[in-house]
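**Student:** no FASTA, just this:
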């Protein structure tokens, strides 16, 4: 608890310098724009801003980067709700209920709920970070390869049995995703696999062009042919400010859901290597499995939105814990942030609290206020985005297409990634048309290397024995949860089929 | 609809392209793209970003740092290998180019490029948990001989760390359990701290703060002489273990780059290496030493070092890729 006091006495005053606070506001704005535009990501926003921080003091520079990070991870819900395109893998399940809600003309309400859940998840995450970071980080280290493996299996089961659609089709999607993720250098031995002599494939398929291709380009192809004049109904433009603030009852009804999703998000965020992409899927699956009305998920209800957004923002706080306490980055964005720290002569790691405590408290404070600023700015930006996205799609789609291509190219400055983008755009369109879901493909792609590398690492450790998967308690617990989730998913599907048959 | 889509699409693309024209003149007439084949935030990345603060004074142009990561650096390497030989695309890389080639991961190595100069040298260090029973690398080797198959030695298969643990395996007749890591020093540091691995070798720059705080214990550095940053840590050589490795990061240009361009660039790095502020910043922020070698010296050094690595690869039974 000691550090909470220091955040208040040392951190808050540091943030409230005029220039520092201005940078924070700019950072959140910049981040939200990057998060909201399909094809641009939080990681890109942070990386682009790093050179500017050279000329700032450490506190100013890190405040700016933190603001971009918080804004960027959250901004994804805007395109998810309005365009059915997740700006980041963290907001895949935000599309499920956000977009249907928006198509019903309730864009303002959808975005308001998503924003509020994000901010709640984010703020609670920062509070845990401030009080317990070093302790939790140390515990997370005990999570070994077999535990990672079982967690991955749990995510696979959650995505195939709880996200709707046929379980078998979802399993087929998982298989395809795993196959795509094994293209490129093998994560353990570095030997190229499935490259077909194409040297560019040796690095594997990058996440960004795959994600943007599967979810944005395929959606653009779909929308070109669709009848509707505008993707966001023009009547949504008249949204009132008051409608953006969600009614209190929504959160009262979903209190348990909110807390559960937050805990899931935070816990998953703490483990290096898996973050928002996994947490929103598992939180959504759990919300559905423990809901009284699971059949309504996917039709545009607040429950799903809250689960997804509270979880992915809680993961930010979670991912920050190993970064500040141990110097271990949990994902691409935290790795870039780590670089930002080091440029200012600060080595995140076990000594950070001892040597640069003031700075750490300033960053915690920045993270806290970034969430507050984001709430205020979100309300304003939401109106702006609804307004600009409700233009006829003949203006909108070309611009989105160009931003997708720019984003893919900017990733590594090579043309090859644009072809990957186009390929997965067409693949995603066809896959959807055949009645398969794209989500299992993406989740398998993200987690495939984690599951594979950890299983193989574990096997080198146990000299080839698979037994520890079942004898280590955490690993066994995760597997039991996976089996339970699978059975529950089957049961729910059978129930729903019967209801449909008997006409209830 | 489709027609309108296409026309607006083309218009926007054209606008983007128009802003990115460059004009050719005497070298260097435009900023130089430095390819760092690792993710942003790593040691190599920070070193180039420190250089980019100073380089303009010596080269007259800025550095633009581009991170192209993947395949243990192989993707960024290939990007420069295939770039135009005009001196505007430069690679910043270390010995992983050797290990990639010798283990068959990539089919090219240092002499397929135009080596420019050496810029920075970092030590490698063996580390373990603070409560481990050994005080130096010799203790570990003795212990492994006594109870083979018990001690888990971490390395990234096919990468530089794999080569650097080979002497231990050769000495003890494979008494260690070689535990695979999935890439990067951070992964092995995390695994050692969580007791999923007993010891491993990493770049000194990655672990100094962990050693100072007592989260990790140093067993030996791999330099020929003791390291100025950690003078109390013995070298592997003085403990009787034949493992001498450094991480030498330098610049490479695409093959067939004209000699005068290579010379201009190398000279600028050489001049910059005399700047005390630059040297100090590299030392303080990355625990590495500024170590300049001109092109001739650098090539000679690479030849020698490559021979040593090739010998190790042969003893371990690796086969290089066919060209």
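**Tutor:** Cool, the structure landed. This one's a predicted model, so the numbers in the text were calculated from it and none came from an experiment. Numbers count the residues shown, from 1 in each chain, chains lettered A, B, ... in the order given.
**Student:** low pLDDT regions in the chain?
**Tutor:** Chain wasn't specified; assuming chain A. Within chain A, the ranges that satisfy pLDDT under 70 run A:1-2, A:273, A:330, A:345, A:347-351, A:354, A:500-504.
**Student:** should've been chain B
**Tutor:** Short version for chain B, where the test is pLDDT under 70: B:1-2, B:13-25, B:40-41, B:183, B:321-323.
**Student:** how about the helices in it?
**Tutor:** Per DSSP state H, chain B carries helices over the ranges B:2-18, B:43-59, B:74-81, B:96-102, B:137-146, B:160-172, B:185-193, B:204-213, B:259-272, B:276-286, B:295-315.
**Student:** what does the stretch 151-300 of chain B have sitting close to chain A?
**Tutor:** B:152, B:156-159, B:177-183, B:186, B:189-191, B:193-197, B:208-210, B:212-213, B:215, B:284-286 (C-beta under 8 Å from any C-beta of the partner chain). Where you see a C-beta, it was placed from the backbone N, CA and C, and this is true even at glycine.
**Student:** show me what contacts the residue nearest in space to the middle of chain B?
**Tutor:** In chain B, the centroid-proximal residue (C-alpha atoms, centre = their mean) is residue B:94; its distance is 3.7 Å. By C-beta atoms under 8 Å, 6 or more residues apart in numbering or on different chains, the contact set of residue B:94 is B:44, B:160, B:247-250.
**Student:** How about it: what's its closest non-neighbour residue?
**Tutor:** Once flanking residues are discounted, residue B:94 sits nearest to residue B:249: 4.3 Å by C-beta to C-beta, 6 or more residues apart in numbering or on different chains.
**Student:** wait, that neighbour sits on residue B:45?
**Tutor:** No - with contact defined as C-beta atoms under 8 Å, residue B:249 does not reach residue B:45; the gap is 11.2 Å.
**Student:** which residues touch the residue of the stretch 101-250 of chain A found nearest chain B?
**Tutor:** Residue of the stretch 101-250 of chain A nearest chain B, by C-beta to the nearest C-beta: residue A:203 (2.8 Å). Residues counted as contacts of residue A:203 (C-beta under 8 Å, 6+ apart) are A:184-185, B:69-71, B:74-75.
**Student:** Sticking with residue A:287, tell me its helix or strand.
**Tutor:** helix A:276-289 (DSSP states H and E).
**Student:** Could you name the helices and strands sitting against that helix?
**Tutor:** Where contact means 3 or more C-beta pairs under 8 Å, 6 or more residues apart in numbering or on different chains; DSSP states H and E, helix A:276-289 is packed against helix A:92-103, helix A:145-162, helix A:255-270, helix A:302-326, helix A:439-461, helix A:473-502.
**Student:** Relative to residue B:172, how far out is residue B:150?
**Tutor:** Going from residue B:150 to residue B:172 by C-beta to C-beta, to the nearest Å gives 12 Å.
**Student:** Give me the more crowded residue out of those two.
**Tutor:** More crowded of residue B:150 and residue B:172, by other C-beta atoms under 10 Å in any protein chain shown: residue B:172, with 19 against 12.
**Student:** can you tell me how far that one sits from residue B:164?
**Tutor:** Distance of residue B:172 to residue B:164, given as C-beta to C-beta: 15 Å.
**Student:** which among the contacts of residue B:94 gets closest to residue A:276?
**Tutor:** residue B:44 (27.1 Å; C-beta to C-beta).
**Student:** That closest one reaches residue B:36, doesn't it?
**Tutor:** Yes - if you go by C-beta under 8 Å, residue B:44 and residue B:36 touch, sitting 5.1 Å apart.
**Student:** coming back round to it: if any of the contacts of residue A:203 are buried, put those into a ChimeraX selection.
**Tutor:** A single ChimeraX command is used to select the members of the contacts of residue A:203 judged buried by 16 or more other C-beta atoms under 10 Å in any protein chain shown:
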select /A:184,185 /B:69,70,71,74,75
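**Student:** of all the contacts of residue A:203, which comes closest to residue B:113?
**Tutor:** Nearest to residue B:113 among the contacts of residue A:203 is residue B:74, at 13.2 Å by C-beta to C-beta.
**Student:** which residue packs closest to that closest one, ignoring adjacent ones?
**Tutor:** Closest to residue B:74 by C-beta to C-beta, 6+ apart is residue B:106, at 4.7 Å.
**Student:** correct me, but the one you found touches residue B:100?
**Tutor:** Yes - using C-beta under 8 Å, residue B:106 is in contact with residue B:100, at 4.3 Å.
**Student:** hang on, the earlier thing: ok, residue B:44 and residue B:36, which is more surrounded?
**Tutor:** residue B:44 (29 against 25).
**Student:** Against chain A, how distant is the more buried one?
**Tutor:** 11 Å (C-beta to the nearest C-beta, to the nearest Å).
**Student:** So which of the contacts of residue B:94 wins on neighbours?
**Tutor:** Neighbour-wise, the contacts of residue B:94 (other C-beta under 10 Å) top out at residue B:44, 29 neighbours.
**Student:** Enumerate every residue touching that residue.
**Tutor:** Taking C-beta under 8 Å, 6+ apart as the test, what residue B:44 contacts is B:36-38, B:92-94, B:249.
**Student:** Narrow the residues you listed to those in strands?
**Tutor:** B:36, B:92-93, B:249 (DSSP state E).
**Student:** can you list those in a markdown table and add distance to residue A:335?
**Tutor:** Converted to a markdown table, the ones in strands among the contacts of residue B:44 look like this (distance: C-beta to C-beta, whole Å):
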| residue | distance to residue A:335 |
| --- | --- |
| B:36 | 13 |
| B:92 | 18 |
| B:93 | 19 |
| B:249 | 19 |
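**Student:** Count the neighbours of residue 56 for me.
**Tutor:** I went with chain A, as the question did not name one. If you count neighbours by other C-beta under 10 Å, residue A:56 ends up with 16.
**Student:** You answered for a different chain; I wanted chain B.
**Tutor:** For residue B:56, using other C-beta under 10 Å, the count is 14.
**Student:** Nearest residue to it in space, please, no chain neighbours.
**Tutor:** Using C-beta to C-beta, 6+ apart, the closest residue to residue B:56 is residue B:62 (5.5 Å).
**Student:** same deal with residue A:15?
**Tutor:** residue A:365 (4.6 Å).
**Student:** what's the angle from the helix or strand hosting that neighbour to helix A:92-103?
**Tutor:** For residue A:365, the host element (DSSP H and E) is helix A:357-389. Going by axes from the mean of the first three to the mean of the last three C-alpha atoms, to 10 degrees, helix A:357-389 is angled at 40 degrees with respect to helix A:92-103.
**Student:** And for residue 274, the neighbour number?
**Tutor:** With no chain named, the answer covers chain A. 23.
**Student:** let's do chain B instead
**Tutor:** Count around residue B:274 with other C-beta under 10 Å applied: 11.
**Student:** Got the phi and psi for it?
**Tutor:** Reported as degrees, to the nearest 10, the phi and psi values for residue B:274 are phi -90, psi -10.
**Student:** Pull the contacting residues for it.
**Tutor:** The contact partners of residue B:274, by C-beta under 8 Å, 6+ apart, come to none.
**Student:** Do I have it right that residue A:66 meets residue A:370?
**Tutor:** Yes - the pair residue A:66 / residue A:370 is scored as a contact, 5.9 Å apart, by C-beta under 8 Å.
**Student:** so what's in contact with the two at the same time?
**Tutor:** Residues touching both residue A:66 and residue A:370 (C-beta under 8 Å, 6+ apart) are A:24, A:27.
**Student:** Against residue A:364, how distant is residue A:301?
**Tutor:** For residue A:301, the distance to residue A:364 - C-beta to C-beta - is 34 Å.
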